[in-house]
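Engineer: Requesting a structural model of the entry that follows:
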Amino acid sequence: MVESASLTIGSSSAIFACGAARLGLKVAFIGVCGDDVFGHFMLNEMSKRGVDVSNVIVRADGQTGLSVILNNGVDRAILTHSGLIVELRALDIADDLLRQSRHLHVASYFLQTKLQPDLPALFGRARSFRVSTSLDTNYDPSERWAGFDELLAVTNVLLPNEAEAKSLAGAETAEEAAKNLGAKVETLAVKLGKDGALGVLRSRRVQVQSIPANVVDTVGAGDSFDAGFIYGYLNGWELEKSLRLACICGALSTQHAGGTNGQPTLEEALNYVSR
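Structural biologist: Next comes the predicted model:
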């Protein structure tokens, strides 16, 4: 028996999209969902949060991806039914959509098996339109962590957490991983949870602290971090300031249950930037 249950927005990239829109960025989302109760829930909730979902592909012949998260306040287990998550392909992202954009963010790399093969070409296509790119791989269920050199070569911003960074780099420490990965991408931001974040830009290394938070739910905190960092990146902020905003967005998001309910506005987040 559990104490409570709730239906909330899931998907790393969807939580990122909501966080970016909350900060004031104009955001469009593309993915694949079913013509079912969970698909309609996601589309409605994202729309209410200012995310353009007109490019989402809705299919009647499949089920919307779904995760059940068991959270005891100290640790969590995530059970995922992939459903249509795997169905998005690079060719689904049209050039016309890229031309309207400043930035392309991809998350949950390891779950999107049909996107993986052509993702380097998609990132290259985006960059040809002067669209910057970012990647949050999330965890690899197979724990192989393979085949990234080609993709990282066309990735502007890499946004792993500490465990992911160490696995991607084959490193024992976050510092070693940052040195390795920071040489492969333009900008690296490694999430360190309550210890803040570590960033690398053109061999310059910066570490910032997080802020105190009354933690209720950590689900989606990394995606809110990503949204804060990309806001700073797109506005030409210094690395340290972008990391600071990212940590604040991540920390504030943990103070409410669900990945999006605690996401701050830019005004709310800026109240902490200079503290």
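
Engineer: so where's the stretch 151-275 of the chain uncertain?
Structural biologist: In the predicted model of the stretch 151-275 of the chain, residues 275 satisfy pLDDT under 70.

Engineer: Name the nearest residue to the spatially most central residue of the chain, ignoring sequence neighbours.
Structural biologist: In the chain, the centroid-proximal residue (C-alpha atoms, centre = their mean) is residue 223; its distance is 4.0 Å. Residue nearest to residue 223 in three dimensions, not counting chain neighbours: residue 15, with 3.9 Å by C-beta to C-beta, 6 or more residues apart in numbering. The C-beta positions use only the backbone N, C-alpha and C, and glycine is treated the same way.

Engineer: looking at this, the one you found is in a strand?
Structural biologist: No - counting by DSSP: H, G, I helix; E, B strand; the rest coil, residue 15 falls outside a strand, being helix.

Engineer: Might you report the residue contacts of it?
Structural biologist: Contact partners of residue 15, counting by C-beta atoms under 8 Å, 6 or more residues apart in numbering, are 9, 220, 223-224, 259-260.

Engineer: cool, and residue 156?
Structural biologist: 127, 132-134, 185-187, 233.

Engineer: So which of those belong to strands?
Structural biologist: 132-134, 187 (DSSP state E).

Engineer: Please report how far the residue nearest to the centre of the chain lies from residue 94.
Structural biologist: Noted for residue 223: a distance of 25 Å to residue 94, by C-beta to C-beta, to the nearest Å.

Engineer: do residue 85 as well
Structural biologist: Counting by C-beta to C-beta - residue 85 and residue 94 are separated by 20 Å.

Engineer: now residue 197
Structural biologist: 34 Å.

Engineer: just residue 219 next, same as before
Structural biologist: For residue 219, the distance to residue 94 - C-beta to C-beta - is 32 Å.

Engineer: and the two? which has more neighbours close in?
Structural biologist: Neighbour count, other C-beta atoms under 10 Å: between residue 219 and residue 94, residue 219 has more, with 21 against 11.

Engineer: what about residue 204, neighbour count?
Structural biologist: 10.

Engineer: My guess is it contacts residue 239. True?
Structural biologist: Yes - the criterion here is C-beta atoms under 8 Å, and residue 204 meets it with residue 239 at 7.0 Å.

Engineer: Okay, the spatially closest residue to residue 201 that is not a sequence neighbour and residue 114: tell me how far apart.
Structural biologist: In space, and not counting its chain neighbours, residue 201 is closest to residue 239: 4.7 Å by C-beta to C-beta, 6+ apart. Taking C-beta to C-beta as the measure, residue 239 falls 34 Å from residue 114.

Engineer: So which bits of the strand or helix carrying residue 179 are buried?
Structural biologist: Assigned by DSSP states H and E, residue 179 falls within helix 174-182. For helix 174-182, burial by neighbour count (16 or more other C-beta atoms under 10 Å) applies to 174, 177-182.

Engineer: Residue 40: which of the residues you listed is nearest?
Structural biologist: Of all those, residue 40 sits closest to residue 181, with 38.6 Å by C-beta to C-beta.

Engineer: Just the C-alphas of stretch 96-103, formatted as CSV.
Structural biologist: Backbone C-alpha positions of stretch 96-103 (Å, rounded to 0.1, in the frame of the first residue of the first chain) are rendered in CSV as follows:
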residue,chain,number,x,y,z
ASP,A,96,10.7,24.3,-41.8
LEU,A,97,10.4,23.7,-38.1
LEU,A,98,14.2,23.9,-37.6
ARG,A,99,14.3,27.1,-39.6
GLN,A,100,11.8,28.7,-37.1
SER,A,101,14.0,27.7,-34.1
ARG,A,102,17.0,28.9,-32.2
HIS,A,103,17.8,25.7,-30.4
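
Engineer: List the contacts of that stretch.
Structural biologist: With C-beta under 8 Å, 6+ apart as the criterion, stretch 96-103 contacts 28, 30, 55, 104, 125-126, 129, 131-134, 230, 233-234.

Engineer: Many thanks, have a good one.
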